[in-house]
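K.L.:
need a structure here:
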Amino acid sequence: MAPPSKRRPGYDRKAQYGLFASYVIAIVGALVGLLLLAISIVDPTGFSALRSAGAEITRPVASNLRALVVGIGNFDEAVAAYINAGSQNAALRRQVEANRTRLIEADAIRQENSRLKRLLRLTESDTGVAAAGHLISSTSTSAARLARLDVGHAQGVQPGMPVRAPEGLVGRVIRSGPHTADVLLLIDEGNVVPVRRTSDNIPGISSGRGDGTVEIRALNTERNPFRPGDVVVTSGIGGLYRPNIPVAVVARLEGDKAIAIPLANPSRVELVVVQTPFRPVEAARESAAQAQAADTGAP
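P.N.:
Predicted coordinates for the structure are as follows:
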C-alpha cells in the first residue's frame with residue numbers, strides 16, 4: 001500500500017486556527033446574545049438605550065443597504081420597461097396606422113357625400129336632366145379631348161346632349177352606346193359654347209385650346225372687355241346649352257382674347273348629369289305655363 005502523500009507544512013495548523021476562530025466567534029455571539037437577553041429582562045430601560053445606540057451606529061449601513069436594494073429594484077423595472085418598449089411601440093404604430101386609415105376613409109366618405117348632395121341639388125333644381133352618371137375615363141393625348149360616361153342610350157343618353165357637373169359645364173355627348181357614351185370636353189378645340197360675363201352680361205364665345213384651358217372672345221366689341229377673375233356662364237343663345245351654367249374663370253389676357261380655366265376640371269370631376277338639349281321656345285312656354293299656374297293658384 002502506497003504511503004499517503006506528504007501534506008504542505010502548516011496545513012493542519014491553519015485548519016485548526018480557522019476552526020478555533022469559528023468556535024470563539026460562536027461562543028462570543030452566544031454570550032453577547034445571552035447578555036442582551038438578560039439586560040432586556042433585568043433593565044428594559046437600559047436595553048432600550050442600547051438598542052437606540054445600536055440603531056444609530058448601524059443607521060448609515062442600513063441606509064446604504066436600503067438604497068442598494070431600491071436601486072436594484074429600479075434597475076429591474078427599467079430593464080423590464082426597455083424590453084417591453086419594443087412591443088409597446090409596435091402596438092402604438094399599428095394603432096396609429098389604423099386610426100390614420102379610418103381618418104382617410106372618413107374624409108373620403110365626407111367628400112363623396114358632399115358631391116352627392118351637390119348633384120342631388122342639381123337634379124332637383126334642373127328639370128332637363130336626362131340621366132346621371134360617372135366620368136370613368138378621359139383622353140389627354142388624342143386629337144380630340146374626350147371623356148367616357150358610364151351611361152348610354154339605354155339610360156336615355158343621346159348624341160348632342162350637354163353634360164355638366166355641379167362645378168360647371170363639362171362638354172357634350174358625341175357618341176352613345178348601350179351603356180357608355182363619349183363626351184367632347186369643353187377644352188377641345190372643336191367645342192364652341194356661347195357665354196356671357198356674369199357681372200354685366202357681355203356676350204362672348206368660348207372655344208377649347210386643347211391644353212386644359214379655353215379662350216373667350218367677346219362679341220360686338222372692338223377691344224377686349226374681359227379681365228382676370230371674370231366668370232363666364234352659358235348664355236343659352238343658339239340652344240343646346242341651358243343658360244347660366246358656370247363655364248370658366250378668366251386667368252389672363254392675350255390680345256383680343258381671354259384665356260380662362262374651366263370650372264369643371266375633367267380630371268377631378270366624377271359625378272355628372274346629362275341634360276336634354278335646351279330649346280328656348282319650349283323653355284319660354286314652360287315658364288309661361290308655370291307663371292299662369294302660379295297666378296291661377298294665387299287667391
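K.L.:
per-residue confidence for the nearest residue to I261 once chain neighbours are set aside?
P.N.:
Once flanking residues are discounted, I261 sits nearest to A251: 5.2 Å by CB to CB, 6 or more residues apart in numbering. (Glycine included, C-beta is placed from N, CA and C.) A251 carries a pLDDT score of 94 in this model.
K.L.:
direction included, what does the helix or strand hosting A251 pair up with?
P.N.:
Assigned by DSSP states H and E, A251 belongs to strand 246-254. Its sheet considered, strand 246-254 pairs with strand 231-234 (antiparallel), strand 257-262 (antiparallel) by DSSP bridges.
K.L.:
ok, residues contacting the first one?
P.N.:
I take that to be strand 231-234. The contact list for strand 231-234 (CB atoms under 8 Å, 6 or more residues apart in numbering) reads 169, 193-199, 204, 206, 216, 241-250, 260, 263.
K.L.:
apply 7 Å and report the result again.
P.N.:
With CB atoms under 7 Å, 6 or more residues apart in numbering as the test, strand 231-234 has contacts from 169, 193-198, 204, 206, 216, 241-249, 260.
K.L.:
pull out the buried members of the residues you listed.
P.N.:
With burial judged by 16 or more other CB atoms under 10 Å, the buried subset of the contacts of strand 231-234 is 169, 193-197, 204, 206, 216, 241-242, 245-249, 260.
K.L.:
ok, now which ones touch the nearest residue to N265 once chain neighbours are set aside?
P.N.:
Excluding the flanking residues, the one nearest N265 by CB to CB, 6+ apart is E167, at 7.6 Å. Shown in contact with E167 (CB under 7 Å, 6+ apart): P246, L263, A264, V269.
K.L.:
run a quick neighbour tally on L146.
P.N.:
Residues near L146, counting by other CB atoms under 10 Å, number 19.
K.L.:
what's the neighbour count on F20?
P.N.:
10.
K.L.:
per-residue pLDDT of it, please?
P.N.:
79.
K.L.:
cool, F75 as well?
P.N.:
Value for F75, per-residue pLDDT: 68.
K.L.:
quick one on the thing from earlier: quick one: the residue nearest to I261 from D107, how far?
P.N.:
A251 sits 29 Å away from D107, taking CB to CB, to the nearest Å as the criterion.
K.L.:
now do P243
P.N.:
According to CB to CB, P243 and D107 sit 35 Å apart.
K.L.:
kindly report the same for N220.
P.N.:
48 Å.
K.L.:
V163 too?
P.N.:
V163 sits at a distance of 27 Å from D107 (criterion: CB to CB).
K.L.:
tell me the SS of G210?
P.N.:
Three-state call for G210 (DSSP: H, G, I helix; E, B strand; the rest coil): coil.
K.L.:
name the nearest residue to it, ignoring sequence neighbours.
P.N.:
That would be E189: by CB to CB, 6+ apart, it lies 5.0 Å from G210.
K.L.:
that's a strand at that neighbour, yeah?
P.N.:
No. According to three-state DSSP, E189 belongs to no strand; its state is coil.
K.L.:
my guess is it meets T213, correct?
P.N.:
No. Judged on CB atoms under 7 Å, E189 makes no contact with T213 at a distance of 11.2 Å.
K.L.:
what strand or helix carries R196?
P.N.:
strand 192-197.
K.L.:
now do the strands in the chain.
P.N.:
Per DSSP state E, the chain carries strands over the ranges 129-138, 146-149, 162-165, 168-176, 181-185, 192-197, 203-208, 214-218, 231-234, 246-254, 257-262, 271-275.
K.L.:
can I get the ones you listed in CSV with distance to L34?
P.N.:
Putting these into CSV (distance: least, CB to CB, whole Å) gives the following:
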stretch, distance to L34
strand 129-138, 102
strand 146-149, 108
strand 162-165, 105
strand 168-176, 108
strand 181-185, 111
strand 192-197, 118
strand 203-208, 116
strand 214-218, 114
strand 231-234, 111
strand 246-254, 108
strand 257-262, 107
strand 271-275, 101
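K.L.:
domain map for this structure?
P.N.:
Using automatic domain parsing, the domains assigned to the chain come out as 17-125, 130-281.
K.L.:
and among those domains, the most buried is which?
P.N.:
Compared across the domains of the chain, domain 130-281 shows the largest average neighbour count, a mean of 18 (mean count of other CB atoms under 10 Å).
K.L.:
can you report how many residues neighbour Q16?
P.N.:
Other residues within reach of Q16, judged by other CB under 10 Å, total 10.
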